[in-house]
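[1] Turn this into a structure:
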Amino acid sequence: MANEKYEQQEKETASYGFKEDFTATTTDTKSDTRNNAHNNDKRIQGLPSERESRRRAWARKLEFYIDSLQETIFTATRALNDVTGYSAIQKLRQSIDALEEELDKSKAATKAAKIEYNDAISNRLTTQKEVNELLQRKASWSSSDLERFTRLYKEDHSNAVHEEEAKNRVEQAEAHQEELYDKLSNAILTRYHEEQIWSDKIRRTSTWGTFGLMGINIFLFLVFQLALEPWKRKRLVGNFEEKVQHVLEENSNQQNKRLDLMSEKMEELKNGDTFPALQESVEPEVIPDTEVLLITPPQVSILPLPDSHNWRDTCLEHLRSLLRPLAGPYALLFNEGYASTTVDKTEMATVVSITLTLGIVLGSILSSILK
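    Here you go, the predicted structure:
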């Protein structure tokens with residue numbers, strides 16, 4: 001996506017190549033003749049496309065990659081919402097918002113219909129009041145009163161029809177408002193129910209994810225303790241043997257060099273003039289064969305490696321090492337012969353760590369079961 005955008009921008013930049021400046025005017029014919037070639041070659045400088053082209057290609061590609069990354073993250077988030085059902089919950093929220101707006105409009109329409117109905121009732125009451133006043137003095141009617149009575153009677157009939165229509169409109173508006181209110185209440189309850197199901201699903205997934213991480217940690221711990229630690233110990237022992245053998249060989253070589261030097265000096269004394277006089281006065285013990293003095297380097301045998309146990313013995317040893325700090329508290333609690341015991345900081349830390357770990361694991365299992 002980023003490379004396609006970069007290539008598209010390069011093609012667009014290459015297609016728009018008009019950069020000549022025709023706005024320059026000349027006031028002098030001589031200067032126009034002299035600078036004619038210069039004006040024909042004059043180009044518009046500082047266009048955004050030129051500044052954009054001066055930038056390094058990797059900078060523009062980086063921007064495109066960042067935009068593409070944002071689009072990818074948005075797409076992945078939307079896909080995750082679709083998988084978990086959160087997109088449907090968002091649509092339900094939008095439906096609730098639309099119902100709320102429609103309910104507000106229905107309330108306004110109902111209020112207007114009620115006002116119209118009240119006006120129709122008041123107009124009819126006024127007409128009926130005038131008709132009753134005319135009927136009270138029916139014996140003294142004039143021609144104008146007769147015309148007025150006829151007009152008021154027609155108005156009363158039309159007001160009655162208008163009142164009935166306004167009443168029907170009020171009833172329809174109230175029914176529509178009640179229907180929208182029921183739909184809105186049902187939609188809100190459905191939304192809360194779906195959100196509860198979604199949150200329970202996410203919580204359950206996170207619980208299993210936690211168990212998975214715990215399992216991975218336990219697996220890595222067993223791998224390190226059962227496979228890597230013995231290999232590491234064996235490697236350290238082998239390196240130590242090599243270093244000891246090397247040091248012993250160096251010491252033996254140094255001793256042999258010193259003995260060779262002493263033998264050479266003794267030979268020089270024997271061949272010299274002072275040695276017969278010393279031999280006559282003092283007869284020292286001379287070892288006839290100086291080669292006996294050479295010290296042969298001791299042969300260092302291979303250091304004994306720890307006994308190779310199988311994986312079952314190794315697991316039992318690690319289990320005993322983990323349960324060893326619990327021996328003192330167990331004996332104190334369940335054996336009558338122990339009245340008191342001493343627990344150091346390491347054992348106390350081990351006991352507390354094991355207790356907390358067991359409590360967390362059991363609590364997580366119980367919470368997942370109860371859900």
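[2] C-alpha only now, for contacts and for neighbours.
    Noted.
[3] give the contact list for the nearest residue to residue 130 once chain neighbours are set aside.
    Using Cα to Cα, 6 or more residues apart in numbering and skipping the chain neighbours, the partner closest in space to residue 130 is residue 152 (7.6 Å). Listed by Cα atoms under 8 Å, 6 or more residues apart in numbering, the contact set of residue 152 reads 127, 130, 131.
[4] Please give the element, helix or strand, for residue 152.
    Assigned by DSSP states H and E, residue 152 belongs to helix 143-223.
[5] next one: residue 88
    Here residue 88 is assigned to helix 86-136, by DSSP H and E.
[6] and that helix, what does it pack onto?
    In terms of contacts (3 or more Cα pairs under 8 Å, 6 or more residues apart in numbering; DSSP states H and E), helix 86-136 is packed against helix 57-84, helix 143-223.
[7] Out of the ones you listed, flag the one nearest residue 94.
    Checking the helices and strands packed on helix 86-136 against residue 94 by Cα to Cα gives helix 143-223 as the closest, at 10.5 Å.
[8] That closest one: what's the following helix or strand?
    helix 229-271.
[9] If you count neighbours, what's buried in stretch 150-163?
    Within stretch 150-163, the residues scored as buried using 16 or more other Cα atoms under 10 Å are 152, 153, 155, 156, 159, 160, 162, 163.
[10] Identify the residues contacting residue 188.
    residue 96.
[11] Let me see the domain layout of the protein.
    Taking automatic domain parsing as the reference, the chain has its domains at 2-84, 92-209, 310-371.
[12] Render the CA-only coordinates of stretch 87-107 in CSV, please.
    Provided in CSV are the C-alpha atoms of stretch 87-107 (Å, rounded to 0.1, in the frame of the first residue of the first chain):
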residue,chain,number,x,y,z
SER,A,87,-19.5,-3.9,16.5
ALA,A,88,-23.1,-5.1,16.9
ILE,A,89,-23.2,-3.5,20.3
GLN,A,90,-22.1,-0.2,18.8
LYS,A,91,-24.9,-0.5,16.1
LEU,A,92,-27.3,-1.1,19.0
ARG,A,93,-26.1,2.0,20.7
GLN,A,94,-26.6,4.0,17.5
SER,A,95,-30.1,2.6,17.2
ILE,A,96,-30.8,3.7,20.8
ASP,A,97,-29.5,7.2,20.0
ALA,A,98,-31.8,7.3,16.9
LEU,A,99,-34.8,6.1,19.0
GLU,A,100,-34.0,8.8,21.6
GLU,A,101,-34.1,11.5,18.9
GLU,A,102,-37.3,10.1,17.4
LEU,A,103,-38.8,10.0,20.9
ASP,A,104,-38.0,13.6,21.5
LYS,A,105,-39.6,14.5,18.2
SER,A,106,-42.7,12.4,19.1
LYS,A,107,-42.9,14.2,22.4
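[13] what does it rub up against?
    78, 81-82, 173, 176-177, 180-181, 183-184, 187-188, 191, 194-195.
[14] Can you pick out the most distant pair from those residues?
    78 and 173 (39.7 Å).
[15] which of the contacts of residue 152 has the most neighbours?
    Top of these by neighbour number is residue 127, holding 21 neighbours under the definition other Cα atoms under 10 Å.
[16] which residues make contact with stretch 117-135 from outside it?
    With contact meaning Cα under 8 Å, 6+ apart, stretch 117-135 is reached by 141, 145, 149, 152-153, 155-156, 159-160, 162-163, 166-167, 170.
[17] now, which of these sits nearest residue 360?
    residue 170 (62.8 Å).
[18] OK, contacts around the closest one?
    Residue 170 neighbours (Cα under 8 Å, 6+ apart): 110, 113, 114, 117.
[19] With respect to residue 227, which of the residues you listed is nearest?
    Nearest to residue 227 out of the contacts of residue 170 is residue 110 (Cα to Cα; 79.5 Å).
[20] can you count the residues close to the residue lying closest to the closest one once chain neighbours are set aside?
    Nearest in space to residue 110, with sequence neighbours left out and distances taken as Cα to Cα, 6+ apart, is residue 173 at 5.0 Å. When neighbours are defined as other Cα under 10 Å, residue 173 has 21 of them.
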